[in-house]
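Student: Have a look at this prediction, sequence included:
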Amino acid sequence: MTIHQPTGKRIAIVEACRIPFAKAYGAYKDYNAQDLINLAVRGLLDRVPVEKEGIDEIIASAVMPVVASPNLAREIVFDLNLPLKIPGFTLGRACASSLQSTISAGEGILSGNYETVISCGAESLSNVPILFKKEFVEGLLKLRNLAKAKSPAQKFSLLSNALSHFKPSNWAPVAPAIAERYTGLSMGQHSEIMAKKNGISRKAQDDLAYLSHLRAAKAIESGKMAEEIVPVFLPNSHVFQEDDGVRKNPDRASLDKLKPVFDRKYGTVTAANSSPLTDGASAALIMREDKAKSLGLPIKGYLKAWATTALDPNDQLLIAPAISTPMALKRAGLSFQDIQLFEVHEAFASQVLSFTQALASRKFAETYLGQSEAVGEINPDLMNVNGGSISIGHPFGATGIRLIASLLNEMKRRNLKYGLATACAAGAIGTTIILETDV
């Protein structure tokens, strides 16, 4: 597929921002994903003086459902008093969800359906819905029928029948599945498999995790990180304005002491070289280029091209970005050498290192891409220069736009033309986007 962008119809990213990311069960423990996404979108609209009547669509993304808000996007309209004509829809593509909501916004603009779209995403790992076994739920439903009983005998019969469903074993809640449905293994276990298959050492993983924290801490100290963050005013009058998972003074030696989590005997993947459970939200204003310019709005960059691909989860679950990346480059009409800055989602250090190794491997190119030459070697000094998901955090539905915000802001600081952001996702999916600026 070739991406055609006629003059005036380029996909402009006017602004991308986020609320501070917080460790699960911490600052946002009383906020569900709807609350968080409302904060991010409100912050976006406070930053950009766009006419609310001109918003054509809101596309939200999330991985874990909010039972009371099955369509986060439409509820944003109500909660923020936006024009009721905005329909809104919510999608999910696991950890690449808000990359996809942004892509979907761009596709709508290119097709002529939209001129102005809000793309947004959120996740609250502190408020994951907890289910009960079917037998327990059936018992509760039967109890509701007691009011319909016309005699004591009927009530006794209904009560006895209902109570039979409340065996001790049925009271235990059903935790959300953490394993891949297709393989039966968790993403962490798959990251261990990739580490072993690709020869990724424990030292290399810990080095990457340490660098992630070091760079994020420096970005916070310098004020760079604040450029993409909308402060949140918590009920206790505390102004929450920076990610709380970043270690301000990371200690490399302490990482060596941690025990593996997913393969306790032979493993190399630890809590420190994996992304943590995180709450957060992000939002972006996507517009047709000529529309943004007619309103006098500054444009941070453009969504030039994208690609999403997938492979057999039993192979390497998190390696798909190494396939979607050359696809996106081809659709953009660019070479690997044209890319000047990279944002790579850090689900696990072993996954990032497997990805960069695959891009530089001729054997990988021959096996997975059907080409004789490797895609290219990423300069570590040009990847995740202000930290990544291991340090900043990873609210599943919000990470994609976080990548976009980080990348565009740094491209502007460095006066760069082309940047690339990519994320792996559950189900062995990989999504890559190419961003462009007018330098």
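Tutor: Nice, I can see it. Numbering: from 1, shown residues only.
Student: Please spell out the segments of the protein that come in under the pLDDT threshold.
Tutor: The chain contains residues with pLDDT under 70 at 1-8, 129-134, 136-143, 145-150, 155-156, 158, 162, 165-167, 169-178.
Student: Walk me through the domains of it.
Tutor: 11-128+275-436, 132-146+156-174 (automatic domain parsing).
Student: What ranges does the protein have for its strands?
Tutor: Counting by DSSP state E, the chain has strands at residues 11-18, 22-23, 57-61, 89-91, 116-123, 131-132, 173-174, 232-233, 239-240, 278-288, 301-310, 341-344, 418-425, 429-436.
Student: Which other helices and strands does the longest helix along the chain contact?
Tutor: Criterion DSSP state H: the longest helix present in the chain is helix 202-222. Judged by 3 or more C-beta pairs under 8 Å, 6 or more residues apart in numbering; DSSP states H and E, helix 202-222 is in contact with helix 252-255, helix 349-359, helix 389-392. In this view, the C-beta of every residue, glycine as well, is placed from N, C-alpha and C.
Student: what's the burial count for residue 221?
Tutor: Neighbourhood size, residue 221 [other C-beta atoms under 10 Å]: 11.
Student: so what's the closest residue to it other than its chain neighbours up against?
Tutor: In space, not counting the residues next to it along the chain, residue 221 is nearest to residue 248; the distance is 7.9 Å by C-beta to C-beta, 6 or more residues apart in numbering. Applying C-beta atoms under 8 Å, 6 or more residues apart in numbering, we find residue 248 in contact with 217, 220, 221.
Student: how far does stretch 211-230 sit from the chain's center?
Tutor: 18 Å (C-alpha atoms, centre = their mean, to the nearest Å).
Student: so how far is the first residue of that stretch from its last?
Tutor: 25 Å (C-alpha to C-alpha, to the nearest Å).
Student: And stretch 309-323, by the same measure?
Tutor: Per C-alpha to C-alpha, stretch 309-323 runs 7 Å from first to last residue.
Student: can you pull the contacts of the residue lying closest to residue 262 once chain neighbours are set aside?
Tutor: Excluding the flanking residues, the one nearest residue 262 by C-beta to C-beta, 6+ apart is residue 188, at 4.1 Å. With C-beta under 8 Å, 6+ apart as the criterion, the residues that contact residue 188 are 261, 262, 269, 274, 348.
Student: hmm, try it at 7 Å
Tutor: 261, 262, 269, 274 (C-beta atoms under 7 Å, 6 or more residues apart in numbering).
Student: Number of residues surrounding the first one?
Tutor: Look at residue 261: counted by other C-beta under 10 Å, it has 18 neighbours.
Student: In this model residue 272 seems to touch it, though I could be wrong.
Tutor: No. Checked against C-beta atoms under 7 Å, the pair residue 261 and residue 272 is beyond contact range at 9.6 Å.
Student: quick one: the residue nearest to residue 221 from residue 220, how far?
Tutor: 7 Å (C-beta to C-beta, to the nearest Å).
Student: picking up where we left off before, include mean neighbour count and distance to residue 101 when you put the strands of the chain into a markdown table, please.
Tutor: Formatted as a markdown table, these follow (neighbours: other C-beta atoms under 10 Å; distance: least, C-beta to C-beta, whole Å):
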| stretch | mean neighbour count | distance to residue 101 |
| --- | --- | --- |
| strand 11-18 | 26 | 12 |
| strand 22-23 | 22 | 21 |
| strand 57-61 | 28 | 4 |
| strand 89-91 | 19 | 6 |
| strand 116-123 | 32 | 4 |
| strand 131-132 | 14 | 26 |
| strand 173-174 | 10 | 29 |
| strand 232-233 | 16 | 21 |
| strand 239-240 | 14 | 24 |
| strand 278-288 | 30 | 8 |
| strand 301-310 | 23 | 12 |
| strand 341-344 | 24 | 17 |
| strand 418-425 | 28 | 13 |
| strand 429-436 | 26 | 11 |
